[in-house]
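In: this is a predicted model, with the sequence first.
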Amino acid sequence: MYYKKHFIGGFALLMIIQTACTSAPPAADETVTSIPVVSVSTPVMHSFVNSITFTGVTQYQQKAVIRAGIAGYIHHRGWKTGDIVKAGGIYCTITSKEQQALKHLDQTGVLDQFKAPIPVVAGTGGIITAVNYQNGDYVAEGDILATLTQQSSLVVLVNVPVEYLDQVKAGTPCTVLLPDGRKLNTHLQSGLPAADPAVQTQSFIVSIAATNLPEGANLKVNIPLSSPDQGMAVPVNAVQTDETQEHFWVFKLGKDSKAYKVNVKAGAISPDSLQEIQTDKIGMNDRVIVEGSYGLADSSRVKVQQQ
C-alpha cells in the first residue's frame, strides 16, 4: 500500500512537469510577422483626352457593272475575280448568232469584216469582285457580265449612338484602329440621314481608301469627346477598385514606412498604361505603391523593394 501511494504521487508529479513544458511560450522568432515588400512610384502630370470607341464596318461606296451590249456567246474573257480593270479596257468579246451563221453562209470571205467578235468595254475602272459568265456562255443584251468595285471609295461606316450626336458631328477628328495595329488619323465625313430604329445609332462615313481592306471588316474607331486636359497620373497597377468598380483607391507610402489607403476618383487610362486620379491627399512628391499592395490593410507596415 505504501509503495502504491508513492507510485501514484510520482506519476502525478511527472504529468505536471510534462504539462508545464508543453505550455511554455513560443520562441521569439515564431511571433514575428513578415513585412510585405512593395515597389513605389511618384505621380506624374499627363495629358488625357476624353474619348470613346465605336464600331465601324468597311464598305465600298462606288460599284459598277459591265453589261453585254448584244445577245450572243462569250468569245473570249481573260479577266478573273480580283483583277484590276482600267476604264476603257476590253473586258471580253461576244459573237452573236448572226455572226456564227455568216461563217456557214459566206464562203467567199466578202463578209469577213462582219464576223469579228464584238468587244465589250469597261465604262469605269476597278477591281473585279464578281464574274457571272464564262467563255462560251450565252448572254442576253443587258445581262451583267461582271461587277467592279472602286478602291478609292472604301469607307468605314461608324455607328454612333444618338445620345452622342451633340458631340459627334461631321468634321470631328477620329482615329481608325487597323487590324495590323496601325492607327489612321482622319475625320468623320457626312452622317447618313437616317438612324437605325432598333439600336438607335446613326452611321457616319470615314474615308480609308488607302488601306486596301476587304468589305465587311469590323474596325474600331476612337473619337475624342473633349480637348486634351492635364491631370495627375499614376501607373494603372497602382489603382485598385471593388467588384462594382464604383470605388477606387491607391496606397500612399508614409514616412513611417506604412501604407495608407487613399480614396481617389479614377479617370481615363492612356495608351502607355497611366491612369488619371483626382484627390487632394496625394501630391506630386508622394510615393504611391505600384506593386505589392493588393490585399493590404490600411496603415500596414511595408518594406520598399530596392530598385
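Out: Structure's in. What do you need?
In: tell me how many other residues crowd the residue nearest to Val38 when sequence neighbours are not counted.
Out: Among residues not flanking Val38 along the chain, Gly292 sits closest, at 3.5 Å (C-beta to C-beta, 6 or more residues apart in numbering). Where you see a C-beta, it was placed from the backbone N, CA and C, and this is true even at glycine. If you count neighbours by other C-beta atoms under 10 Å, Gly292 ends up with 19.
In: phi first, then psi, for Gly292.
Out: Backbone torsions for Gly292, taken as degrees, to the nearest 10, come to phi 100, psi 0.
In: next up, the contacts around it.
Out: Pro36, Val37, Val38, Ser39, Val302, Gln305 (C-beta atoms under 8 Å, 6 or more residues apart in numbering).
In: of these, the lowest pLDDT goes to which?
Out: Of all these, Gln305 has the smallest pLDDT value, namely 89.
In: wait, what's in contact with that residue?
Out: Applying C-beta under 8 Å, 6+ apart, the residues near Gln305 are Val37, Val38, Ser39, Glu291, Gly292.
In: could you do Leu165 as well?
Out: Contacts of Leu165 by C-beta under 8 Å, 6+ apart are Gln202.
In: Asn50 versus that one, what's the distance?
Out: 17 Å (C-beta to C-beta, to the nearest Å).
In: what is the nearest of the contacts of Gln305 to Leu145?
Out: Ranked by distance to Leu145 (C-beta to C-beta), these are led by Glu291 at 65.8 Å.
In: which non-adjacent residue is nearest that closest one?
Out: The nearest residue in space to Glu291 (C-beta to C-beta, 6+ apart) is Ser39, at 4.3 Å.
In: burial count for that neighbour?
Out: Neighbours of Ser39 (other C-beta under 10 Å): 17.
In: list the contacts of the strand or helix carrying it.
Out: Per DSSP states H and E: Ser39 is located in strand 37-41. Here strand 37-41 makes contact (C-beta under 8 Å, 6+ apart) with 234-235, 238, 251, 253, 259, 287-293, 302-305, 307.
In: of the residues you listed, grab the buried ones for ChimeraX.
Out: Applied in ChimeraX, the following selects the buried portion of the contacts of strand 37-41 according to 16 or more other C-beta atoms under 10 Å:
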select :234,235,238,251,253,259,287,288,289,290,292,293,302
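In: among the contacts of strand 37-41, which lie within strands?
Out: Val234, Pro235, Phe251, Leu253, Ala259, Arg287, Val288, Ile289, Val290, Glu291, Lys303, Val304 (DSSP state E).
In: leaving out chain neighbours, which residue sits closest to the second one?
Out: Using C-beta to C-beta, 6+ apart and skipping the chain neighbours, the partner closest in space to Pro235 is Val290 (5.0 Å).
In: residues contacting the one you found?
Out: Val290 neighbours (C-beta under 8 Å, 6+ apart): Val38, Ser39, Val40, Ser41, Val234, Pro235, Asn237, Ala238.
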